[in-house]
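In: how would this look folded up:
(one chain, ligands or ions: 1)
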Amino acid sequence: MGREPGLYIGGTWRHAANGATRDIINPADGTILTIVDEAQPTDATEAVAAARTAFDSSSWPQTPVNQRAALLDRIAELLVRDREEIARIETLDTGKTLRESYIDVDDVVAVFRYYARLATISSDRLVDTGDPTIVSRVISEPIGVCVLIAPWNYPLLQICWKIAPALAAGCTMVVKPSEVTPLSTVALVRLIDEAGVPAGVLNLIQGSGAAVGAALTDTADVDLISFTGGAATGVAVSRAAAPHITRVALELGGKNPHLVFADADWNSAIDAVITGVFLHSGQVCSAGTRLIVERSIADAFVAELKTRAEAIRFGDGLDPRSQTGPLVSTAHREKVESYVRLAISEGAVLVTGGQRPTDPQFGAGSYFPPTIFDHCDRSMRIVQEETFGPILTVERFTTERQAIDMGNDTSYGLAAGVRTADPARAERVARALRHGTVWINDFGIYTPAAEWGGFGRSGNGRELGPAGLAEYQETKHVWTNTSPQEVGWFAD
Ligand code: NAD
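Out: As a prediction, the model looks like this:
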C-alpha cells in the first residue's frame, strides 16, 4: 500500500504536487517515524484559493451558530474517542512524556467545548443614539480566510487554540503545522474531516516555512494570519503581510521571570520553580527560566534546586518512568548547548547539568539534562534570550522594587510568577509586572476561558477566552433609519 497523502485541500487528501517528502524523526532514538508530504508553493497557493472559495461562495460563513457549535462538540467527542492514539502520536513526534500528551489532548477537548458554547452567545450590541427612529447595531462577522501557523513544542494544543475559535467564528482556513512535528495535526484534520466540516473550510499544508511561508503570507487572498512561533519568524510574517494590510496576530516567545520572596511557602516554591522550568525539557514558551529570588534565602534555595534537578528522570516519553523527554531534535540540542557555552563565557556559575548524557541507554536520542546557572545578572544574554531548553538562570534581589524592575527588564512579556505569603504584596507585584499572564503562588496553568498572550516582543495577539474568538471576527456597524426623512442639506 502506498503512503497516505498528507495534504488536505478543498476536501481532498493528496500528495505534494511535485512528490516531495520529508522524514519525521523520533527524538527519543533518532529513528525515522514516518515520511510525510512536503508541500511546495503551488500547493499552498491552491490551499489558500480553496479557503477563499469556501468563504466567498459557500454558505459556511452564514451557517447558524448552533450548527457550528454542534460541529465543535463533535470534534471534541472524536478527540475523546481517539485520545490514546493522538497522545501517543504527540509523544513519538515531540518527545514529550505520554502524561503531558494526555494533558494536551484533554486541554484541547475543553477548548473545542468552550468555543462551542461561546459561539452561541451573541456579542452583538445595540447603541443608544438618542434618536428613537434609529436602530444602531454593532455586529460581529467572521474575518474571512485565516492562515494558522503553529510551532513544534505544543503542536496539537497550539493549532487547536486557533482552529476552534476560527471555526466558531465562521472563518475558513489553511492550517500549517511545524514541519518538525506535523503528525498530531494530520490526525486532528482527519477527525475534523470525519466530523463533517464542509470541503474547503479547513485545508492542511505541511512544509517548511522557507518553502510555503511566502505563498501563505504574502498574498492578498488572506484576511488574518495567526502565528505562534519565534520572534524572528513573527517579524518575517509581519513583513510579508504588511503590503496587503493583512491582520497578523502574533504569539511569540518568552523569557519568563519567577519571583520568589523569602516568606513564600518553601516546598511549593521549590516544586513550582523546578516544574516551571524543566517540564517538557524547557521547550515551553511560558517556561519559568529566570529565577529571581530574595537574597536572604538564595543560597539554600539554589542548593535544594540542585538536588531536585539532579533527581529528575529524563528518558523516552513512552516510558512511564520518564518525568521529561528529549529535546525535539539534535539540531535544537546544539542550539541549547551553544547557550551553555555562552553562559559560561559570560561568567555565570554552572550549578548542575550543562553536558549531554554519555550513558549509552540514551543512544541517538537528543537528551539534555536539567541545567542551572547561578550568579547571573540582567546584562547577560543567557538572562535575556530564550534558550528554549532546560536552563534555569538565578538572580538575587533585596527589595520588592528591585524584584519588579528585574522581572520587567526583558524585551519579552509573556508570563511571570510571584511567590509570597503576603497577599497585598502579591497583588502589588502582579499589577506591576508587564507580562500577559501573572501567576500568584502557582505557575504554568491556563484555562480556556481566560486570555493568553504576550506584552512586548512576546506578541500582539490573544488566544483563549472571548478575545481569542474576537481575533477571528470583524466588527460591523449597521445603522437603520426606521423613519427616513429628507435631510435637506442641499435643498436651498
Ligand atoms: P519558528 O518560528 O521556527 O516556526 C514556527 C512556525 O512558523 C513553523 O510552522 C514554521 O514552519 C513556520 N515558519 C517559518 N518560517 C516562516 C515564514 N517565513 N513564513 C511563514 N511561516 C514560517 O518557531 P518554532 O521553533 O517552531 O517554535 C518555538 C517558538 O515558538 C519559541 O520561540 C516559543 O516561545 C514560541 N511559542 C510561543 C507560544 C505562545 O503562546 N506565545 C507557544 C508555543 C511556542
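In: could you pull out the strands for the stretch 151-300 of the chain?
Out: Along the stretch 151-300 of the chain, counting by DSSP state E, counting those that start in this stretch, strands occupy 172-176, 202-204, 224-228, 247-251, 257-260, 290-294.
In: other SSEs contacting the shortest one?
Out: Okay, so that is strand 202-204. If contacts are counted by 3 or more CB pairs under 8 Å, 6 or more residues apart in numbering; DSSP states H and E, strand 202-204 sits against strand 7-9, helix 41-57, strand 172-176, helix 183-195. (Glycine included, C-beta is placed from N, CA and C.)
In: ditto for the third one
Out: Secondary-structure packing of strand 224-228 (3+ CB pairs under 8 Å, 6+ apart): strand 145-149, helix 155-169, helix 231-241, strand 247-251.
In: What of the fourth one?
Out: The contact analysis (3+ CB pairs under 8 Å, 6+ apart) places strand 247-251 against strand 224-228, helix 231-241.
In: Can you dump the C-alpha atoms of it in CSV for me?
Out: Written as CSV, here are the backbone C-alpha positions of strand 247-251 (Å, rounded to 0.1, in the frame of the first residue of the first chain):
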residue,chain,number,x,y,z
ARG,A,247,-4.1,41.4,10.0
VAL,A,248,-1.4,39.5,11.9
ALA,A,249,-1.9,38.0,15.4
LEU,A,250,1.5,37.0,16.9
GLU,A,251,2.1,34.6,19.8
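In: Now do it: distance to the chain's middle.
Out: Taking CA atoms, centre = their mean, to the nearest Å, one finds strand 247-251 lying 12 Å from the centre of the chain it belongs to.
In: Let me know whether that strand sits next to the ligand.
Out: Yes: under the criterion of CB under 6 Å from any ligand atom, the ligand is reached by strand 247-251 at residue 251.
In: near the ligand, which residues of the stretch 51-200 of the chain?
Out: 149, 150, 151, 152, 153, 154, 158, 176, 178, 179.
In: Take those residues and lay them out in TSV including pLDDT.
Out: What follows is these, written out as TSV (pLDDT from 0 to 100):
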residue	pLDDT
149	98
150	98
151	98
152	98
153	98
154	98
158	98
176	98
178	98
179	98
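In: what's the burial count for residue 173?
Out: 28 (other CB atoms under 10 Å).
In: Could I get the average pLDDT for stretch 456-472?
Out: For stretch 456-472, mean pLDDT is 98.
In: in the stretch 1-150 of the chain, which ranges drop under the pLDDT threshold?
Out: Along the stretch 1-150 of the chain, segments meeting pLDDT under 70 span 1.
In: Okay, strands next: where are they in it?
Out: 7-9, 12-14, 21-25, 32-37, 125-127, 134-142, 145-149.
In: ends of stretch 222-242, how far apart?
Out: Using CA to CA, to the nearest Å, one end of stretch 222-242 lies 12 Å from the other.
In: ok, now stretch 465-485?
Out: First-to-last residue span, stretch 465-485, CA to CA: 43 Å.
In: ditto for stretch 2-22
Out: End residues of stretch 2-22 are separated by 15 Å (CA to CA).
In: Need the winner for burial among the helices and strands packed on strand 247-251.
Out: Most buried of the helices and strands packed on strand 247-251 by mean neighbour count (mean count of other CB atoms under 10 Å) is strand 224-228; its value is a mean of 27.
In: who does that one pair up with?
Out: Using DSSP bridges, strand 224-228 pairs in its sheet with strand 145-149 (parallel), strand 247-251 (parallel).
In: Now render the ones you listed as TSV, adding mean neighbour count and distance to residue 131.
Out: TSV is the format used below for these (neighbours: other CB atoms under 10 Å; distance: least, CB to CB, whole Å):
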stretch	mean neighbour count	distance to residue 131
strand 145-149	28	37
strand 247-251	22	33
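In: Please give the element, helix or strand, for the closest residue to residue 277 other than its chain neighbours.
Out: Of all residues not flanking residue 277 in the chain, residue 392 sits nearest, at 4.6 Å (CB to CB, 6 or more residues apart in numbering). Assigned by DSSP states H and E, residue 392 belongs to strand 391-397.
In: Run the chain-centre distance for whichever helix or strand comes after that strand.
Out: Moving toward the C-terminus from strand 391-397, the next helix or strand (DSSP H and E) is helix 400-408. Mean-position distance between helix 400-408 and its chain equals 27 Å (CA atoms, centre = their mean).
In: what's the answer for stretch 483-491, then?
Out: From the chain centre to the centre of stretch 483-491 is a distance of 53 Å (CA atoms, centre = their mean).
In: end to end, how far does it reach?
Out: Across stretch 483-491, the terminal residues are separated by 19 Å (CA to CA).
In: Need the helices and strands packed on strand 202-204 in TSV (columns: distance to residue 229).
Out: Listed next are those as TSV, based on distance: least, CB to CB, whole Å:
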stretch	distance to residue 229
strand 7-9	21
helix 41-57	17
strand 172-176	10
helix 183-195	14
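In: Select, out of the ones you listed, the one closest to residue 98.
Out: With CB to CB as the measure, helix 183-195 is the member of these nearest residue 98 (12.9 Å).
In: contacting residues around that closest one?
Out: 6, 8, 11, 24, 33-34, 36, 71, 74-75, 78-79, 82, 85-86, 89-90, 92-93, 150, 155-156, 159-160, 163, 175, 177, 202, 204, 206 (CB atoms under 8 Å, 6 or more residues apart in numbering).
In: got the buried residues for it?
Out: Within helix 183-195, the residues scored as buried using 16 or more other CB atoms under 10 Å are 183, 184, 185, 186, 187, 188, 189, 190, 191, 192, 193, 195.
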